[in-house]
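*Asks:* Could you work out the structure for the sequence below:
(one chain, ligands or ions: 1)
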Amino acid sequence: MFEINRMFKKKFTRRDFLKYSSSLAILLGLSEMYVPQIASALEQIVSKKQPVIWLNGAACTGCTVSFANTDYPSVAELVLDRLSVKYMETLMAASGEVAEKALEDAIQQFKGKYVMVVEGAIPTKDDGIYLTVAGEPFVNKVRKVAEGAAYHIAMGTCASFGGIPAADPNPTGCKGLKDVIGGTVVNIPGCPAHPDWLVGTIVNILLFGKVPELDQYGRPKLFYGRVIHENCPRRGGYEQGRFIKKLGEELPDIEGCMGAKGCRGPVTSADCPHRLWNSGVSFCIAASAPCHGCVEPSFPQQSFYEPIPEVAKTIKAGETDQKKSAIGTFGASLGGALAGAAAAAGGLYFANEKAKHKAEKTEGV
Ligand code: SF4
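*Replies:* Reported below is the predicted structural model:
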């Protein structure tokens, strides 16, 4: 048996616990009023130790790294200290038959109670022969573990939608978890997924006894409810039509929008702009990298550095407006010049007429 809390040998005070409850309230989008309720629910969780079985399929294990790579006293660390991960190929100390026995024991002992987390896509072609664990096709193992699980979570884009392993031509027939087991699967996409998205989902399940509200792609609305474009720090650039022309370019008086360089923020739903990454340090767009929409089912089968149709339209409209306004300005100055010339000509005309009239009068006298 492997317990994640062996990785984090730390003692938590009551103050840490309340601080943690408070951060969970924020994580779950609840008001501070819920802190005592969360603290009491967590105390129950601590005594129960929620069993988790984590399977690793076709992936780079970036989601494991993202999940484990957190700073004290992060939410992930504190929650992990309270979870009991019974099986996780990438982090467990056991291997071979001992590891397989741990999995069988966990399935039997916690049937109907454990949370199943799958990281990575699932190869299905030719009976799943392209990925085997302990001599068994991974897809069979997924089905077996899924049968006894209370909740099913797909961690990362590969497990959610197939991701990079399922990209064309997908020779191993990789699929996401839901396409393999059906039913309710909570998708936590991202390449990698943010640790808070998984932790927040598990805590939500433990606190309220049900999965959080999901969107059309099975993602918790709590974390994937708004498009990145809505809260982007470069939005001012977009609104003013100030697009950067090459990556890394800095505009003199504004953060330029990266829409012309393929940013998918307008069609990508995730809370990256305010959650931030690497313990709240930054996120792709703030670090001058266009959003590649890694949480969307279309990733990575897309063009990366060409503007998406929605943005291309805006850029084109902006260019047309600029042309119009340039023509307008030219027209106005030409008009002004003509009016000025006309006025001057008119003035000259009237001066000449006056002079002529004066001369006629003088001659007539
Ligand atoms: Fe930000 Fe991208 Fe939207 Fe530009 S297109 S405002 S860089 S999200």
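
*Asks:* mind listing what the residue in the stretch 51-200 of the chain positioned nearest to the ligand touches?
*Replies:* Nearest residue of the stretch 51-200 of the chain to the ligand: Gly190, at 16.3 Å (C-beta to the nearest ligand atom). In short, each C-beta sits where N, CA and C put it, glycine included. Counting by C-beta atoms under 8 Å, 6 or more residues apart in numbering, Gly190 touches 63, 66, 156-157, 197, 270, 294-295.

*Asks:* one more time with 10 Å
*Replies:* Going by C-beta atoms under 10 Å, 6 or more residues apart in numbering, Gly190 touches 62-63, 66, 155-157, 160, 163, 197-198, 219, 223-224, 270, 272, 277, 294-295, 299.

*Asks:* go on, Ser269?
*Replies:* Applying C-beta under 10 Å, 6+ apart, the residues contacting Ser269 are 189, 215-217, 219, 221, 223-230, 293, 295-296.

*Asks:* filter those to the buried ones?
*Replies:* Using 16 or more other C-beta atoms under 10 Å as the burial test, the contacts of Ser269 include 189, 217, 219, 223-224, 227-229, 293, 295-296 as buried.

*Asks:* Could you list the domains of this protein?
*Replies:* Here the domain assignment for the chain is 49-223, 226-307, 310-365, based on automatic domain parsing.

*Asks:* Would you reformat the ones you listed as TSV and include mean pLDDT?
*Replies:* TSV is the format used below for the domains of the chain (pLDDT from 0 to 100):
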stretch	mean pLDDT
domain 49-223	90
domain 226-307	95
domain 310-365	51
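
*Asks:* Quick one: those as JSON lines, columns for distance to Ser40 too.
*Replies:* Below are the domains of the chain laid out as JSON lines (distance: least, C-beta to C-beta, whole Å):
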{"stretch": "domain 49-223", "distance to Ser40": "10"}
{"stretch": "domain 226-307", "distance to Ser40": "26"}
{"stretch": "domain 310-365", "distance to Ser40": "46"}
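
*Asks:* Flag every residue of the chain that's near the ligand.
*Replies:* 228-229, 232, 234-235, 238, 257-259, 263, 265-266, 285, 291, 311 (C-beta under 6 Å from any ligand atom).

*Asks:* how about 8 Å then?
*Replies:* Counting by C-beta under 8 Å from any ligand atom, the residues of the chain close to the ligand are 227-229, 232-235, 237-238, 243, 257-259, 263-266, 268, 285, 290-291, 311.

*Asks:* right, and Met116 touches Thr184 too?
*Replies:* No: between Met116 and Thr184 there is no contact under C-beta atoms under 10 Å: 11.7 Å.

*Asks:* higher neighbour count, those two?
*Replies:* When Met116 and Thr184 are compared on other C-beta atoms under 10 Å, the one with more neighbours turns out to be Met116, at 24 against 12.

*Asks:* Please tell me how far Ser23 sits from the ligand.
*Replies:* Taking C-beta to the nearest ligand atom, to the nearest Å as the measure, Ser23 and the ligand are separated by 27 Å.

*Asks:* Show the pLDDT at that residue.
*Replies:* If you check Ser23, the pLDDT there is 73.

*Asks:* that's a helix at it, yeah?
*Replies:* Yes: using DSSP: H, G, I helix; E, B strand; the rest coil, the assignment for Ser23 is a helix.

*Asks:* Identify the residue nearest the residue most central in space within the chain in space, chain neighbours excluded?
*Replies:* Nearest to the geometric centre of the chain sits Ala270, at 3.8 Å (C-alpha atoms, centre = their mean). Closest residue in space to Ala270, ignoring its immediate chain neighbours: Val295 at 4.8 Å, by C-beta to C-beta, 6 or more residues apart in numbering.

*Asks:* Likewise for Lys144?
*Replies:* That would be Ile107: by C-beta to C-beta, 6+ apart, it lies 7.2 Å from Lys144.

*Asks:* of the buried ones among the contacts of Ser269, closest to Leu24?
*Replies:* Nearest to Leu24 among the buried ones among the contacts of Ser269: Phe223, at 13.6 Å, using C-beta to C-beta.

*Asks:* got the contact list for the closest one?
*Replies:* So Phe223 contacts 27-29, 188, 190, 193-194, 196-198, 200-201, 212, 215, 269-272, 275, 295 (C-beta under 10 Å, 6+ apart).

*Asks:* Narrow those to those in helices?
*Replies:* 27, 196-198, 200-201, 272, 275 (DSSP state H).

*Asks:* Which of those are buried? Put it as a PyMOL command.
*Replies:* To isolate the buried ones among the ones in helices among the contacts of Phe223 in PyMOL, judged by 16+ other C-beta under 10 Å, type:
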select buried, resi 27+196+197+198+200+201+272
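
*Asks:* Tabulate the ones in helices among the contacts of Phe223 (JSON lines), appending distance to Asn140.
*Replies:* Output for the ones in helices among the contacts of Phe223, formatted as JSON lines (distance: C-beta to C-beta, whole Å):
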{"residue": "Leu27", "distance to Asn140": "35"}
{"residue": "Asp196", "distance to Asn140": "32"}
{"residue": "Trp197", "distance to Asn140": "28"}
{"residue": "Leu198", "distance to Asn140": "25"}
{"residue": "Gly200", "distance to Asn140": "31"}
{"residue": "Thr201", "distance to Asn140": "26"}
{"residue": "Cys272", "distance to Asn140": "36"}
{"residue": "Arg275", "distance to Asn140": "36"}
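
*Asks:* Show me the two of the ones in helices among the contacts of Phe223 that sit farthest apart.
*Replies:* Taking C-beta to C-beta, the two most distant members of the ones in helices among the contacts of Phe223 are Thr201 and Cys272; they sit 16.4 Å apart.

*Asks:* if I read this right, the residue nearest to Lys144 contacts Gly148, doesn't it?
*Replies:* Yes: if you go by C-beta under 10 Å, Ile107 and Gly148 touch, sitting 5.1 Å apart.
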